[in-house]
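Visitor: Coordinates only, no sequence provided:
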């Protein structure tokens, strides 16, 4: 791990702002500002939560038609959960979401490339 440290003054805070804009991991106290780099620096967590409406827009009209026309019980349960969800967001890393997309691929509503695109 590498630590680059500067004084917590006007110049240091300017450096801090620039580094934070780049996504650097910064530690700040009353006297110093430090930037952690290397393999020990924490990885930035990227949120993969999107609005349900944005998720719906990822489907083509034909895919949506095939989903709502499906008699498959897994699809029916997924639609019920999606339509009754209080929070209007969907986590693309949720195992249930991934499993449902995989199921849509298994029952030939989505192709493998389309399933990957849905979760990208």
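Guide: Sure, I can see it. Predicted model only: the values in this text are computed from it and were never measured.

Visitor: where do the strands sit along this structure?
Guide: Here the chain has its strands, by DSSP state E, at 2-7, 25-28, 32-37, 49-51, 89-91.

Visitor: got those strands as a markdown table, with mean pLDDT, distance to residue 62 and mean neighbour count columns?
Guide: For glycine as for every other residue, the C-beta is placed from the backbone atoms N, C-alpha and C. Below are the strands of the chain laid out as a markdown table (pLDDT from 0 to 100; distance: least, CB to CB, whole Å; neighbours: other CB atoms under 10 Å):
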| stretch | mean pLDDT | distance to residue 62 | mean neighbour count |
| --- | --- | --- | --- |
| strand 2-7 | 83 | 52 | 13 |
| strand 25-28 | 84 | 45 | 14 |
| strand 32-37 | 84 | 48 | 16 |
| strand 49-51 | 93 | 22 | 13 |
| strand 89-91 | 93 | 21 | 15 |
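
Visitor: Export these as CSV, with columns for distance to residue 70.
Guide: Putting these into CSV (distance: least, CB to CB, whole Å) gives the following:
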stretch, distance to residue 70
strand 2-7, 54
strand 25-28, 46
strand 32-37, 49
strand 49-51, 23
strand 89-91, 19
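
Visitor: Which residue lies nearest the spatial centre of this protein?
Guide: For the chain, the residue nearest the mean C-alpha position is residue 48 (0.9 Å; CA atoms, centre = their mean).

Visitor: Identify the residue spatially nearest to it, adjacent ones excluded.
Guide: residue 92 (4.1 Å; CB to CB, 6 or more residues apart in numbering).

Visitor: Who are the contact partners of the one you found?
Guide: 48-50, 55, 98, 119 (CB atoms under 8 Å, 6 or more residues apart in numbering).

Visitor: shouldn't residue 27 be in contact with residue 20?
Guide: No - taking contacts as CB atoms under 8 Å, residue 27 lies outside contact range of residue 20: 11.5 Å.

Visitor: Show me the beta-bridge partners of residue 6.
Guide: For residue 6, the beta-bridge partners are residue 33 (DSSP bridges).

Visitor: Check the offset of stretch 113-120 from the chain's centre.
Guide: Taking the mean of its C-alpha atoms, stretch 113-120 sits 13 Å from the chain's own mean (CA atoms, centre = their mean, to the nearest Å).

Visitor: Alright, that wraps it up for me.
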